[in-house]
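A.B. asks: Pasting a predicted model and its sequence here:
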Amino acid sequence: MKRILTIIGAAAVTFGPAQPATAAPPADTFGRATLTGFAVLPAETFVPGSEPSGSAIGAGPFNGISAPFAGQPVQGFSGVVRRSDGTFDVLSDNGYGNKANSADFLLRVHHIRPDVSTGSVTVLGGFNLSDPERHIRFPLTRQDRVLTGADFDVESIVRASDGTYWIGDEFGPFLLHFSADGELLGAPIPLPGVKAPENPDLGGETPNLGSSKGFEGMARSVDGKRLYPLLEGTVAGDEPGTLRMYEFDVHKSAYTKRRWIYPLESPSNAIGDAITVDRHRFLVIERDNEQGDAAKFKRVYLADTRDRDHDGKLDKTLVADLLDLANPKKIGGFGTTFRFPFQTIEDIALLDDQTLAILNDNNFPFSSGRTAGKPDANEFITVRLARPLHADRRAIS
């Protein structure tokens, strides 16, 4: 599907001091979470001076929008990095949903500033992803080696302490390491024993992962030494509705032998993103594949590797139901119950020990979860949990 994050400083949108790291709360639901902020980037937002895009999706119209487009749409947010100045880096995915229709969509990281006081999101700039040093062995779409949605389906991102970025891809699946300005620093790193149908090295092998079901989420350890990429799809032979989360040693540039299982509430669900809370715990977005009134399951879970019930899977605690957020102040002009009813919700960041930032992937121009017949905007919300996470301070500061 179209569609994490390392925390590197305090955001300008703040909600009180971080709580001290203490014992984790008991494994039950947190209670009802509350909407505290709302901002919107309009659906028809394009990179200034950019190349045309969308030539392979058909003429449409799609939710009232005709194609192709005169520029590159700022859309498909599938991963987010919180910066220290209240701004965020957001990663656009492969473009229009698959390899065949996204060759003219340039893979890009956008730099945005959401302002919940005005309800607006400003695009400050960004950079395209490229491979000028020719680390990629297989043929690319463009001779200038700017990467497109036909080359990779990038879905998850973390920022290292040196300012470089690690990005998870779904086509391989691969891990990709980029410089601070988007140049690939080494060859794509494959996942041993797992290949999707789009994998360029598949040859005559039978893929054992669904199409575009690779690394949908990826967290970074609080000490920065490990990455934790999480697949979106179940590997062939695994129990239906279970997803593998791996550990990757950044210094050795290799996977360790450690692996965990995230259990979906339904085999038809998918994950959207994952971030680190502390040494053992992660926040994971889990969702159904519906939108609008048909959407029934859009949740954030706290997943714990310690497996206290000894079932061989991550323990899960519900922390926020994104279809049932309290909204007593009627923020955004909505009623006292706020719904985030998008097909794909793929971005989560930790602002303080009790507050999350969450963004949708609007799948422009195809999704219409907010208003039927109209393309979804890129929405940025802040959500106050009913109680603190007791997160490691390094996950917040």
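C.D. replies: Sure thing, it's come through. Note that the structure is a prediction, hence the values are computed from the model and not measured.
A.B. asks: May I have the phi/psi pair for Leu302?
C.D. replies: Here is the backbone geometry of Leu302 (degrees, to the nearest 10): phi -100, psi 120.
A.B. asks: Low-confidence bits of this structure, can you list those?
C.D. replies: Applying pLDDT under 70 to the chain flags residues 1-28.
A.B. asks: Strands of the stretch 101-250 of the chain, start to end?
C.D. replies: 108-115, 120-128, 154-159, 165-169, 174-178, 189-190, 215-220, 226-231, 242-249 (DSSP state E, counting those that start in this stretch).
A.B. asks: Can you spell out which helices and strands pack onto the fifth one?
C.D. replies: Using 3 or more Cβ pairs under 8 Å, 6 or more residues apart in numbering; DSSP states H and E as the contact criterion, the secondary-structure elements in contact with strand 174-178 are strand 165-169, strand 189-190. C-beta here means a position set from N, CA and C on the backbone, and glycine is covered the same way.
A.B. asks: Tell me how far the longest one lies from the chain's centre.
C.D. replies: Right, strand 165-169. Offset of strand 165-169 from its chain centre (Cα atoms, centre = their mean, to the nearest Å): 11 Å.
A.B. asks: give me phi/psi at Ala160?
C.D. replies: phi -80, psi 170.
A.B. asks: quick one on the thing from earlier: quick one: the helices and strands packed on strand 174-178 as a markdown table, columns for distance to Arg299 too.
C.D. replies: Formatted as a markdown table, the helices and strands packed on strand 174-178 follow (distance: least, Cβ to Cβ, whole Å):
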| stretch | distance to Arg299 |
| --- | --- |
| strand 165-169 | 21 |
| strand 189-190 | 31 |
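A.B. asks: re the thing from before, can you say which of the strands of the stretch 101-250 of the chain is nearest to Gly54?
C.D. replies: The closest of the strands of the stretch 101-250 of the chain to Gly54 is strand 108-115. By Cβ to Cβ, the value is 14.6 Å.
A.B. asks: Let me see the residues that make contact with that closest one.
C.D. replies: With contacts defined as Cβ atoms under 8 Å, 6 or more residues apart in numbering, strand 108-115 is touched by 13, 37, 39, 41, 47, 72, 74, 77, 86-92, 120-129, 157, 165, 182, 357, 380.
A.B. asks: If you count neighbours, what's buried in that strand?
C.D. replies: Residues Arg108, Val109, His110, His111, Ile112, Arg113, Pro114 are the ones in strand 108-115 that count as buried (16 or more other Cβ atoms under 10 Å).
A.B. asks: Please apply the same query to stretch 155-163.
C.D. replies: Glu155, Ser156, Ile157, Val158, Arg159, Ala160.
A.B. asks: hang on, isn't the first one packed against Glu346?
C.D. replies: Okay, so that is Glu155. Yes: judged on Cβ atoms under 8 Å, Glu155 makes contact with Glu346 at a distance of 7.1 Å.
A.B. asks: Find the residues that touch each one of the two.
C.D. replies: Arg3, Ser78, Gly79, Asp93, Glu216.
A.B. asks: Who are the contact partners of the third one?
C.D. replies: By that I understand Gly79. 3-5, 90-91, 154-157, 167-168, 218, 273, 346-347.
A.B. asks: can you check the fourth one too?
C.D. replies: When the contact criterion is Cβ under 8 Å, 6+ apart, the partners of Asp93 are Lys2, Arg3, Gly76, Phe77, Ser78, Gly149, Asp153, Val154, Glu155, Glu346, Asp361.
A.B. asks: what's the closest of the residues you listed to Gly203?
C.D. replies: Asp153 (19.8 Å).
A.B. asks: Tell me how far the closest one lies from Ser253.
C.D. replies: Relative to Ser253, Asp153 is positioned 22 Å away (Cβ to Cβ, to the nearest Å).
A.B. asks: Please tabulate the helices and strands packed on strand 174-178 in a markdown table, including the columns distance to Val284 and mean neighbour count.
C.D. replies: As requested, the helices and strands packed on strand 174-178 are arranged in a markdown table below (distance: least, Cβ to Cβ, whole Å; neighbours: other Cβ atoms under 10 Å):
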| stretch | distance to Val284 | mean neighbour count |
| --- | --- | --- |
| strand 165-169 | 14 | 27 |
| strand 189-190 | 23 | 18 |
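A.B. asks: Of these, which is nearest Gly224?
C.D. replies: strand 165-169 (10.5 Å).
A.B. asks: CA-only coordinates of the closest one, as PDB, when you get a sec.
C.D. replies: Taking C-alpha atoms only, strand 165-169 is exported to PDB below (Å, rounded to 0.1, in the frame of the first residue of the first chain):
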ATOM      1  CA  TYR A 165      18.700   9.500   6.800                       C
ATOM      2  CA  TRP A 166      17.800   5.800   6.800                       C
ATOM      3  CA  ILE A 167      14.800   5.000   4.600                       C
ATOM      4  CA  GLY A 168      12.800   1.800   4.400                       C
ATOM      5  CA  ASP A 169      11.600   0.500   1.000                       C
END
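A.B. asks: ok, and what's touching it?
C.D. replies: 79, 81, 89, 91, 109, 129, 152-160, 174-180, 182, 188, 214-218, 220, 227, 229, 250.
A.B. asks: Mind checking which of those residues are buried?
C.D. replies: With burial judged by 16+ other Cβ under 10 Å, the buried subset of the contacts of strand 165-169 is 79, 81, 89, 91, 109, 129, 152-160, 174-178, 182, 188, 214-218, 220, 227, 229, 250.
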